[in-house]
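Colleague: okay, here's the prediction I keep looking at, along with the sequence it came from:
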Amino acid sequence: MADTTQTYEPGTHPDLPPPMATRGPILWVRKNLLSSPLNIFLTIVSAYLLYLIVPGALNWALLDAVWDAGSRAECREIGSGACWALAEVRFGQFIYGFYPEHLRWRVDLTAVLFILAILPLLWDKTPFRPLMLIYSAAFPIIGYLLLVGGLGLEPVETTKIGGFTLNVVIGVTGIVASLPLGILLALGRRSHMPIVRTLCVMFIEFIRGVPLITLLFVASTMLNYFLPPGTTFDLILRVLIMVTLFSSAYIAEVVRGGLQAIPKGQIEAADAMGLRYWQSMRLVVLPQALKISIPGIVNTFVGLFKDTTLVVIIGLTDVLGVGRASLSDAKWQGLAWEVYVFIAILFFVCCFSMSRYSIYLEHKLHTGHKR
């Protein structure tokens, strides 16, 4: 009888897949949800809470929601869920504020051009990146002319800029302007020149010791007292200056922490190579310090972007101001949940995007001294 036993030559055995319990979703569940008795208990409690909350939230937000109505009363007649009709009816005001409707295309164009401007800054594989960087440097002037007018464009008062557009303008301007200023303040605080170091310390500690809302009140009321009589100083410009100064103080402390984490030998090596102070900072020290500081910097930017809603207190109509104005309308009173959830979604999308890009940048630059 013939021998049907299969034999394999050395090195020719087929590779078998690893056991199911050591890969894929099963491994993730075991490591993250069922790794200990305490984790098992917390997983069960969390699952029970989700069971109680999620179905009702889905019914309110989506399944029983009303998307088309003319008032709160109509919403309640049609369904028992959220009345998103308010967000649909007032969507233009939520996004553009009181910007003239026939000119809102300029805001849309500015948003598109802004995305093109930040693309070469965030992604180093952008086609024609050197030329795009020149465009990025010129974008603030282009954006200002589009929003406010000039060079043949119909002028628009800055008081008309509102809604979420105002939050984005203040947040982006504060982020872009405060980063280089914060780096200079951090370097100044570590300077060996007593006058420079003292001035930077005084500025940083004063700004960090005063609430942002106080600085905004100073910008809106007291700043005019320090200007020559008859001088007009746009309110939004004053707010942009105060927000930039406020954020730069926090950025300075974050960057200073990154600078202190750099071994002294790095600076000594740069000196031994004959590099001057600014050369060593630009080529050796700052690239390493900024990589370490990425989480703190992005955290400061996220907080700054959310703090832009404070401008409603000094009379600017941002997206929160539009929401409050909508709730004062007799037809839509009682829909605070819908208004604030809609505003929260807008901010969450922007802040979550910044957070995810921070994670991408950390992995790309191997931040955190990973082994």
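Modeller: Sure, I can see it.

Colleague: near Trp123, how many other residues are there?
Modeller: With neighbours defined by other C-beta atoms under 10 Å, the count for Trp123 comes to 12. All C-beta spots, glycine's among them, are computed from the backbone N, C-alpha and C.

Colleague: please read the previous query as pertaining to Gly79.
Modeller: Neighbour number of Gly79 under other C-beta under 10 Å is 16.

Colleague: could you do Glu88 as well?
Modeller: Neighbour count for Glu88, taken as other C-beta under 10 Å: 14.

Colleague: next, the buried residues of the lengthiest helix in the chain.
Modeller: Assignment by DSSP state H gives helix 336-365 as the longest helix of the chain. Within helix 336-365, the residues that count as buried by 16 or more other C-beta atoms under 10 Å are Glu338, Val339, Phe342, Ile343, Leu346, Phe347, Cys350, Cys351, Ser358, Leu361, Glu362.

Colleague: quick check, nearest of those to Tyr99?
Modeller: Leu346 (16.6 Å; C-beta to C-beta).

Colleague: and the residue nearest to that closest one when sequence neighbours are not counted, what helix or strand is that in?
Modeller: Counting by C-beta to C-beta, 6 or more residues apart in numbering, Leu346 lies nearest to Phe164, which is 5.7 Å off, once chain neighbours are set aside. Element membership for Phe164, per DSSP states H and E: helix 163-189.

Colleague: buried sites along that helix?
Modeller: Taking 16+ other C-beta under 10 Å as the criterion, helix 163-189 shows 163-179, 181-183, 185-189 as buried.

Colleague: now stretch 64-80
Modeller: For stretch 64-80, by 16+ other C-beta under 10 Å, it's Ala65, Val66, Ala69, Ser71, Arg72, Cys75, Ile78, Gly79.

Colleague: can you check stretch 228-241 too?
Modeller: Leu235, Ile236, Arg238, Val239, Leu240, Ile241.

Colleague: dihedrals phi and psi, the residue nearest to Asn224 when sequence neighbours are not counted?
Modeller: Spatial nearest neighbour of Asn224, excluding adjacent residues (C-beta to C-beta, 6+ apart): Phe233 at 6.6 Å. Torsion angles at Phe233 (phi, psi; degrees, to the nearest 10) stand at phi -130, psi 110.

Colleague: quick check: Phe233 touching Leu223?
Modeller: Yes: when contacts are counted by C-beta atoms under 8 Å, Phe233 is listed as touching Leu223 (6.6 Å).

Colleague: and Gly209, how many neighbours does it have?
Modeller: Gly209: 8 neighbours (other C-beta under 10 Å).

Colleague: er, Lys264 actually
Modeller: Lys264 has 7 nearby residues by other C-beta under 10 Å.

Colleague: spit out the contact partners of it.
Modeller: Residues counted as contacts of Lys264 (C-beta atoms under 8 Å, 6 or more residues apart in numbering): none.

Colleague: export stretch 207-222 to PDB, keeping only CA atoms.
Modeller: Listed next in PDB are the C-alpha coordinates belonging to stretch 207-222 (Å, rounded to 0.1, in the frame of the first residue of the first chain):
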ATOM      1  CA  ILE A 207      -0.900  88.300  30.700                       C
ATOM      2  CA  ARG A 208      -1.200  84.900  32.300                       C
ATOM      3  CA  GLY A 209      -2.400  86.500  35.500                       C
ATOM      4  CA  VAL A 210      -5.300  88.300  33.900                       C
ATOM      5  CA  PRO A 211      -8.500  86.700  32.400                       C
ATOM      6  CA  LEU A 212      -9.000  87.000  28.700                       C
ATOM      7  CA  ILE A 213     -12.400  88.600  29.300                       C
ATOM      8  CA  THR A 214     -10.700  91.500  31.200                       C
ATOM      9  CA  LEU A 215      -8.300  92.100  28.300                       C
ATOM     10  CA  LEU A 216     -11.300  92.100  25.900                       C
ATOM     11  CA  PHE A 217     -13.000  94.700  28.000                       C
ATOM     12  CA  VAL A 218      -9.800  96.800  28.000                       C
ATOM     13  CA  ALA A 219      -9.700  96.500  24.200                       C
ATOM     14  CA  SER A 220     -13.400  97.500  23.800                       C
ATOM     15  CA  THR A 221     -13.500 100.400  26.200                       C
ATOM     16  CA  MET A 222     -10.300 101.600  27.700                       C
END
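
Colleague: and that stretch, what's buried?
Modeller: Ile207, Leu212, Leu215, Leu216, Val218, Ala219, Ser220.

Colleague: quick one: secondary structure of the third one?
Modeller: With DSSP: H, G, I helix; E, B strand; the rest coil as the basis, the three-state label of Leu215 is helix.
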